[in-house]
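1. just coords:
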């Protein structure tokens, strides 16, 4: 009987030990401190309505430690994409700041029945040690029901709406004229930074390239050369890879970023000029080299803004 109790005790202790190991594996130090979460605005909607799929990355600590690839759009079924947007915000203060990167996707259903949003995968590099990892959302299921046809307005409602619209237009005209009189309507050009322009180009190229990694790699390489030329005032098109890397090192680009760029340029040359057959992972690697340099440039911009504000 005592021997039986000892066996049971060992089994219980072993079970607790396994539970602790699983909990610790959820936050592996060498991957940094980054989490992904996702949700739907609704899980059931009429066929003529719109739903929003929201994905958030929570980054604790220094956001410059992460080079995050553009996630693109998740695979979908029985849905049509009608819009996307991205935004960043921070929570907390001091050493407890959390950066939240939010991606929003708007969809309209195609047919009545079940619709699906398959996992969205986001790849990132943890810059301090160069480790790469994929984050993914879960699969979302949405029930699509019959379209709801709104009732036609009756009675005086159309006239009320029309009156409200006319009043709003009248007020808007008065406001504009008032601002013109006070000289408050001077046009202010809002110039985008090199990093913002490059990210917009990157987003457009990923849409156009689709599932063609060779086309994506060629476009990423051209964007990289253009960004270096604009940002660092280097005639990157006339330099070899070795000369380009040397010029960036002289500009103070850190070693971790340089290492990523070397891999990106080498792989790009093999695909573009040596006829190497590329796969999606190669396109991701070239993109991550560009992302690493852009992230460094954004960090430089923030440091300059802080110095100018002091």
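-> Looks like it arrived, so ask away. Every value quoted in this text rests on a predicted model; they were computed, and no experiment measured them.
2. quick one, what contacts the residue nearest in space to the middle of the chain?
-> Centrality entry for the chain: nearest residue to the mean C-alpha point is residue 70, 4.6 Å, by CA atoms, centre = their mean. By CB atoms under 8 Å, 6 or more residues apart in numbering, residue 70 lies in contact with 199, 202, 203, 206, 287, 291. Backbone N, C-alpha and C define where each C-beta goes, glycine included.
3. swap the cut-off to 7 Å and go again
-> Residues near residue 70 by CB atoms under 7 Å, 6 or more residues apart in numbering: 202, 203, 206.
4. Now the host helix or strand of the second one: average pLDDT?
-> Residue 203 is located in helix 194-209, with elements delineated by DSSP states H and E. When the per-residue pLDDT values of helix 194-209 are averaged, the result is 85.
5. which residues sit against it?
-> Contacts for helix 194-209 (CB under 7 Å, 6+ apart): 70, 72, 215-216, 219-220, 223, 227, 230-231, 294, 297-298, 301.
6. Let's see that with 10 Å instead.
-> The list of residues contacting helix 194-209 from outside it, by CB atoms under 10 Å, 6 or more residues apart in numbering, reads 69-73, 84, 86, 191-193, 215-220, 222-224, 226-232, 283, 287, 290-291, 293-301.
7. What's the separation between the residue nearest to the centre of the chain and residue 202?
-> Distance, residue 70 to residue 202, by CB to CB, to the nearest Å: 6 Å.
8. Can you give me the pLDDT of residue 11?
-> Residue 11 carries a pLDDT value of 41.
9. low-confidence ranges in the chain?
-> Along the chain, segments meeting pLDDT under 70 span 1-29, 94-95, 151-155, 157, 179-190.
10. Now the element after the strand or helix carrying residue 55, going C-ward?
-> Secondary structure from DSSP H and E places residue 55 in strand 51-60. Using DSSP H and E, the next helix or strand after strand 51-60 towards the C-terminus is strand 66-68.
11. Around residue 258, how many other residues sit close by?
-> Residue 258: 17 surrounding residues under other CB atoms under 10 Å.
12. Skip the chain neighbours and tell me the closest residue to residue 87.
-> Using CB to CB, 6 or more residues apart in numbering and skipping residues adjacent in sequence, the residue nearest residue 87 is residue 102, 4.9 Å away.
13. do residue 143 as well
-> Using CB to CB, 6+ apart, the nearest residue to residue 143 is residue 44, at 4.2 Å.
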